[in-house]
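Participant: Sharing a sequence plus its predicted fold:
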Amino acid sequence: MAGISYPVQLASIQAYVRQVNGGPRQLTRTEREVIDDYAAMIVSDIEDAWPEDTSTSRDAWTYEVRGQADWVGFVIENDVDYVEYVHYAGQPAEPPLWETLLPATVQAYAGDMLAAIRAEVERSQKAINANRTQGGRGLLDVLQRSSAWIRRVVA
């Protein structure tokens, strides 16, 4: 194995979206941003706790947010070929540091993260439902407005 990939699936959020939407849907831009904020904090904490011999493996932590209808969460990755063997000096090599540090760091944020995402899903779903009530396409119109807003900001 060269590097590691640690998926953090937010199954309770995926189920909640399904429940309030009446079926699966992808996440809105703002819902993904909440996940992005928490994933960034988690990765920052991992980097802070990671041994700093040369900084190569410490600085290689990345994450990717996923908000599809069939998978909600993020994936933490580090592609340094020896990352799976890193451990604190003077500590046993087994288990490798990532196997304990990543789950503990995610768990430390889990309560606040899930509450914040759930609150944003509620806000988004209200906008989706209001759009549907007014004869709109629901999520499609909400996503289209988000894209138009992003184009205006970037331009």
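Facilitator: All right, it came through fine. Residues are numbered from 1 along each chain as shown.
Participant: In the chain, where is pLDDT below threshold?
Facilitator: Within the chain, the stretches with pLDDT under 70 are 1, 135-155.
Participant: Can I take it that Ala127 is in a strand?
Facilitator: No: if the criterion is DSSP: H, G, I helix; E, B strand; the rest coil, then Ala127 is helix and not within a strand.
Participant: Now do the strands in the protein.
Facilitator: Counting by DSSP state E, the chain has strands at residues 4-9, 61-68, 71-78.
Participant: do you know which of those lies nearest Ala130?
Facilitator: strand 61-68 (20.9 Å; CB to CB). The way it works is simple: take the backbone N, C-alpha and C, and place the C-beta from them, glycine included.
Participant: and that closest one with strand 71-78, angle?
Facilitator: Interaxial angle of strand 61-68 relative to strand 71-78 (axes from the mean of the first three to the mean of the last three CA atoms, to 10 degrees): 170 degrees.
Participant: For strand 61-68, buried residues please.
Facilitator: When neighbours are counted by 16 or more other CB atoms under 10 Å, the buried residues of strand 61-68 are found to be Trp61, Tyr63, Val65, Arg66, Gly67.
Participant: and that strand, what does it pack onto?
Facilitator: helix 29-49, strand 71-78 (3 or more CB pairs under 8 Å, 6 or more residues apart in numbering; DSSP states H and E).
Participant: ok, back up a step: let's have the strands of the chain in JSON lines, adding distance to Glu122.
Facilitator: Below are the strands of the chain laid out as JSON lines (distance: least, CB to CB, whole Å):
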{"stretch": "strand 4-9", "distance to Glu122": "21"}
{"stretch": "strand 61-68", "distance to Glu122": "16"}
{"stretch": "strand 71-78", "distance to Glu122": "15"}
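Participant: which one of these lies closest to Glu33?
Facilitator: Nearest of these to Glu33, taken as CB to CB: strand 61-68 at 8.6 Å.
Participant: partners of the closest one in the sheet?
Facilitator: Strands adjacent to strand 61-68 in the sheet, as given by DSSP bridges, are strand 71-78 (antiparallel).
Participant: Can you list the neighbours in contact with the partner strand?
Facilitator: For strand 71-78, contacts defined as CB atoms under 8 Å, 6 or more residues apart in numbering pick out 3-11, 13-14, 17, 27, 35-36, 39, 42-43, 46, 57, 60-66, 98, 102.
Participant: Buried residues, it. List them.
Facilitator: Val72, Gly73, Phe74, Val75, Ile76, Glu77, Asn78.
Participant: Perfect, I'm done here.
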